[in-house]
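Visitor: A structural model of the following input is requested.
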Amino acid sequence: MRVLDLSRVLAGPLTAMNLADLGADVIKVERPGAGDDTRAWGPPFAEDGTATYFQTSNRNKRSIAIDFREDSGRELVLRLIAQADVVVENYLPGALERAGIDLEALRIQHPGLIVASVTGFGSAGGATRPGYDFVAQALSGLMHITGEHEGEAMKVGVALVDVLASKDLTLGILAALRNRDRTGFGMRVEVNLLSSIQSALANQIQATVGAGVEPTRLGNVHPSIMPYESLPTRDGELAVAIGNNKQFRDFVTELGRPELAEDPRFATNPDRVAHRPELREILAEALAADTAEGWQERFTAANLAVGKVNTIGEGIELAQSLGIDPVVELDRDGVTSKGIRHPIRYTPEFAIPTLGPPALDADGEAIRNGVGAPISPLTPAEVTRTRRSRIPRP
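Guide: Residues are numbered from 1 along each chain as shown. Below you'll find the predicted structure:
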């Protein structure tokens, strides 16, 4: 399967990389001279000088530099589209058409083509709004519920909206490919940042939709469960997730305060939520007797969900100690690098490619030599007639 990646930055390129990890031949089209914006998004930079941000979403791809504002470049892109199964793009709606690349018309000429688009705010009223993760976090309400109760709204520590949108778009592409197996027809798959993060707000957004309740910032506190938050120990914070009454009994027993499970203020989860300040004070006092690491070992041995607040490096070390092997060694033409392993495991296993991110236009000559003949443009009348007769309604 061939994927043409016309996208930039994160959500689109990460979608294309997901498909590349699964074995697709992904061709990344970049601007001559500069390439993807994230090539310059550093520090940090890897040992070979590549921005680690670019490395995040561009392994297992081939790169070609094309200026499709020029006639020759546009013709080359059209040839590549004619040979593709999937096109991934994240331009503002209408931008590619104005550049002479009408994906809807091309889908008519190439009825098996799947066009996968990610925008900031959809193709209707928000079509002209540029989409960046930070702004989507703010406008969706995610920032409103993130941060300390009395503090300012905060963004999440990673471009979570872009990452979620890429997973949604990957899922949509796989569904479209399966549908093409049955019908022979491709389709357009659209994802926007706002919808992706709103669907991921889960119980918080359902509280608003289903009960008219507007969630607020609570720091690390869960609005409906107690204890389900970070609690202080002798030397640092401990994340504690107690989901039912049995777990609470086991937790306070290991803590040395078994009588708390019989206290009518804390006997059930609604009771514990109602008396959160009192319970938190009691738990913090008891947890001060040991370190976060010490409590983690004790509670984990009791099959309870707790964990100290790790750095990212410590999180990688934990995964390695558990046999998850999170880091993968990559190689491209003798240049080695590392990345985070494709997260899905398969039984029986199949080989996941381990090709490092490409230099700009690293594969341009080979790709240009391998493209086929250009496709013939349709007249407006042919576009209308073909659209009515060949493209089925979903």
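
Visitor: quick one, domains of this structure?
Guide: Taking automatic domain parsing as the domain assignment, the record places the domains of the chain at 2-200+327-390, 228-308.

Visitor: mean pLDDT lowest for which of those?
Guide: Taking each of these in turn, the one with the lowest mean pLDDT is domain 2-200+327-390, at a mean of 91.

Visitor: any idea how far it is from the middle of the chain?
Guide: 12 Å (CA atoms, centre = their mean, to the nearest Å).

Visitor: may I see the buried residues of whatever helix or strand Leu106 lives in?
Guide: Secondary structure from DSSP states H and E places Leu106 in helix 103-109. Of the residues in helix 103-109, Leu103, Ala105, Leu106, Arg107, Ile108, Gln109 count as buried by neighbour count, 16 or more other CB atoms under 10 Å. No exception for glycine: its C-beta is placed from N, CA and C like everyone else's.

Visitor: coming back round to it: I'd like the domains of the chain as CSV, with distance to Glu317 appended.
Guide: Written out in CSV, the entries for the domains of the chain read as follows (distance: least, CB to CB, whole Å):
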stretch, distance to Glu317
domain 2-200+327-390, 10
domain 228-308, 12
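
Visitor: quick one: which of the ones you listed is nearest Ile316?
Guide: Within the domains of the chain, the stretch nearest Ile316 is domain 2-200+327-390; the backing value is 6.6 Å (CB to CB).

Visitor: wait, which of the buried residues of helix 103-109 is closest to Val240?
Guide: Leu103 (49.6 Å).

Visitor: can I take it that Thr362 is in a strand?
Guide: Not Thr; residue 362 is Ala. No. Residue state for Ala362 (DSSP: H, G, I helix; E, B strand; the rest coil) corresponds to coil; a strand is not indicated.

Visitor: apart from its neighbours in sequence, what residue is nearest it?
Guide: Spatial nearest neighbour of Ala362, excluding adjacent residues (CB to CB, 6 or more residues apart in numbering): Ser63 at 5.0 Å.

Visitor: give me the neighbour count for the one you found.
Guide: Ser63 is surrounded by 22 other residues when neighbours are defined as other CB atoms under 10 Å.

Visitor: quick check: bridge partners of it?
Guide: Each beta-bridge partner of Ser63 is listed here, defined by DSSP bridges: Lys28.

Visitor: wait, it touches Leu355, no?
Guide: No. Checked against CB atoms under 8 Å, the pair Ser63 and Leu355 is beyond contact range at 11.3 Å.

Visitor: which residues sit in contact with the residue most central in space within the chain?
Guide: Residue closest to the mean C-alpha point of the chain, counted by CA atoms, centre = their mean, is Val163 at 1.7 Å. Residues near Val163 by CB atoms under 8 Å, 6 or more residues apart in numbering: Leu10, Ala11, Leu14.
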